[in-house]
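Trainee: pasting the structure only:
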C-alpha cells in the first residue's frame, strides 16, 4: 500500500467555501457560455476581494464549481471547475480556472465514508482544493493496526483522498493553573459578548464541560457557565457574576489591546492572530475550513477552522482574530510554539448564533 506524502507548506494557501458579497463591476456569464470566450489574465486581488469573488462564482456556477483557493504568491483566485464552459465563466470574471476530476459532491461523499469507516482517535480530515482531494491526517498516537485500517479506507476512495502522518498529537489545549481558572484547570477567555443586555464571555466548550465556575488570574471568581456544547461543537458561554471590567478587546500581551468591534467568518488565506494565556500572541494563516478532528480521547469536533498558528495547553478558548474582527475560539491541535503545528478553531459566528449573543 502506498501513500503519497504531501508538503506541509505550499506557496498557495488552500480552502473552500469563502464568504459573501459580489465584487463591484463584475458580471457573470451563464454556465452554458460559448467555448470561444477569449482568454483573460486573472485579476490581482487581495484575500478579501478574492473571497468575495469566490462566493459569487460559487453561487453562479452551482454544481460545476469544485472549490476555490487563493494563490498567495500570484495574488490570484483559483476556481476548480468540472468542464470548459464553467472555466470560461471563471476566466471572464477575472479568476484562474482549473478543470479538475472530483466534484464537491464526490468529496463530500468521501468525507462521509471516512466518518462511517475511519473515525479513529488521532485523525482529522479536510477538503484541500489545491489537490482536489480530502486530506486525511493521522497523528503519532495512531498505531499500526489503526494506520492500516485508515490506509485501506483511503485507498478505497481512490483519487478523492490522500493520507499523511504528522509527528504531533491532536488534543484539546487545556492545562492546570492561570488566566481563567476553576477546579484546578486553566483555559483562556475568548471574547466578551452581550446577551439580553447582560455581560458574558465565550470560550471553548471542552473547557466549560470540565469547569463550571471561573476565576481570573488573581483568584477572584468572575463567572459561571450559562451554556456549553462539546463534542461536535466546541463553545461555551459564561455569565459574569462579578462587577469587573469586560471591554470588547483582546490582550496583546505587550501592554496594549486590540479592539474587537464585530464577528466574521474565516476565509482561506486570511492572515490571523491568536491570543492565549500560555503562549500569548502568535500569527499565521487560515489553511482550511469545515475540518473534522478526532481527538485522542474519542471526542469528535466538526466544522472547525484549520490554521498554521501555533498553540499549547492552556491556550484553549483563546481568541482568533483578524484586525478588529473576532474569528474563532481555540479548540485544539498538534505541536507547540517551538516546532509549530496545526491548530483548530471553533468559528465564533456559529457560537454567537447558538447563544443569541453579540460582540460587545
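Mentor: Nice, I can see it. Note that this is a predicted model, so its numbers are computed, not measured.
Trainee: most centrally placed residue in the protein?
Mentor: residue 305 (0.7 Å; Cα atoms, centre = their mean).
Trainee: in a helix, that's where that one is, yeah?
Mentor: No: according to DSSP: H, G, I helix; E, B strand; the rest coil, residue 305 belongs to no helix; its state is strand.
Trainee: low-confidence bits of the stretch 1-150 of the chain, can you list those?
Mentor: 1-39 (pLDDT under 70).
Trainee: those helices in it, which residues are they?
Mentor: Assigned by DSSP state H, counting those that start in this stretch, the stretch 1-150 of the chain shows helices spanning 47-61, 84-93, 104-117, 144-156.
Trainee: on that earlier part again, the residue nearest to the centre of the chain against residue 329, yeah?
Mentor: No: shown here, residue 305 and residue 329 do not form a contact pair, counting by Cβ atoms under 8 Å, at 9.5 Å. Every residue, glycine included, has its C-beta placed from N, CA and C.
Trainee: for residue 251, which of the helices of the stretch 1-150 of the chain is the nearest?
Mentor: Among the helices of the stretch 1-150 of the chain, the nearest to residue 251 by Cβ to Cβ is helix 47-61 (25.4 Å).
Trainee: name the helices or strands packed onto that closest one?
Mentor: In terms of contacts (3 or more Cβ pairs under 8 Å, 6 or more residues apart in numbering; DSSP states H and E), helix 47-61 is packed against strand 65-71, strand 76-81, helix 84-93.
Trainee: per-domain residue ranges of the protein.
Mentor: When the chain is parsed with automatic domain parsing, its domains come out as 9-100, 104-165, 167-360.
Trainee: gap between the second one and the chain center?
Mentor: Pointing back at domain 104-165 there. 18 Å (Cα atoms, centre = their mean, to the nearest Å).
Trainee: and what of stretch 278-289?
Mentor: Remark: stretch 278-289 is offset 10 Å from the chain centroid, using Cα atoms, centre = their mean.
Trainee: now the helices of the stretch 1-150 of the chain in JSON lines, with distance to residue 196 and mean neighbour count?
Mentor: Shown next, in JSON lines, are those (distance: least, Cβ to Cβ, whole Å; neighbours: other Cβ atoms under 10 Å):
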{"stretch": "helix 47-61", "distance to residue 196": "32", "mean neighbour count": "21"}
{"stretch": "helix 84-93", "distance to residue 196": "43", "mean neighbour count": "22"}
{"stretch": "helix 104-117", "distance to residue 196": "36", "mean neighbour count": "16"}
{"stretch": "helix 144-156", "distance to residue 196": "46", "mean neighbour count": "15"}
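Trainee: follow-up on the earlier one: nearest approach to residue 334 belongs to which of the helices and strands packed on helix 47-61?
Mentor: Among these, strand 65-71 sits nearest to residue 334 (Cβ to Cβ), with 22.5 Å.
Trainee: does that closest one pack against any helices or strands, and if so which?
Mentor: Looks like strand 65-71 contacts helix 47-61, strand 76-81, helix 104-117 (3+ Cβ pairs under 8 Å, 6+ apart).
Trainee: confidence score at residue 326?
Mentor: Note on residue 326: pLDDT of 96.
Trainee: and if you look at residue 339?
Mentor: pLDDT, read off for residue 339, is 88.
Trainee: so that it lines up with my notes, have the first residue be 16 from now on.
Mentor: In the new numbering, first residue 16, that becomes residue 354.
Trainee: for it, what are phi and psi?
Mentor: In terms of degrees, to the nearest 10, the main-chain angles of residue 354 are phi -100, psi -10.
Trainee: what's around it, how many residues?
Mentor: By other Cβ atoms under 10 Å, the residues close to residue 354 number 10.
Trainee: any idea how far residue 333 is from the residue nearest to the centre of the chain?
Mentor: 13 Å (Cβ to Cβ, to the nearest Å).
Trainee: next: residue 135.
Mentor: From residue 135 across to residue 333, the span is 28 Å (Cβ to Cβ).
Trainee: got it, and residue 91?
Mentor: For residue 91, the distance to residue 333 equals 33 Å [Cβ to Cβ].
Trainee: looking at these two now, which is surrounded by more residues?
Mentor: Shown here are residue 91 and residue 333; by other Cβ under 10 Å, residue 333 has more neighbours (32 against 20).
Trainee: give me every residue that touches the more buried one.
Mentor: Contact partners of residue 333, counting by Cβ atoms under 8 Å, 6 or more residues apart in numbering, are 202, 203, 204, 205, 289, 290, 291, 292, 326, 344, 345.
Trainee: count the residues that sit near the third one.
Mentor: What that stands for is residue 204. 26.
Trainee: surely it and residue 218 touch.
Mentor: Yes: with contact defined as Cβ under 8 Å, residue 204 reaches residue 218; the gap is 5.9 Å.
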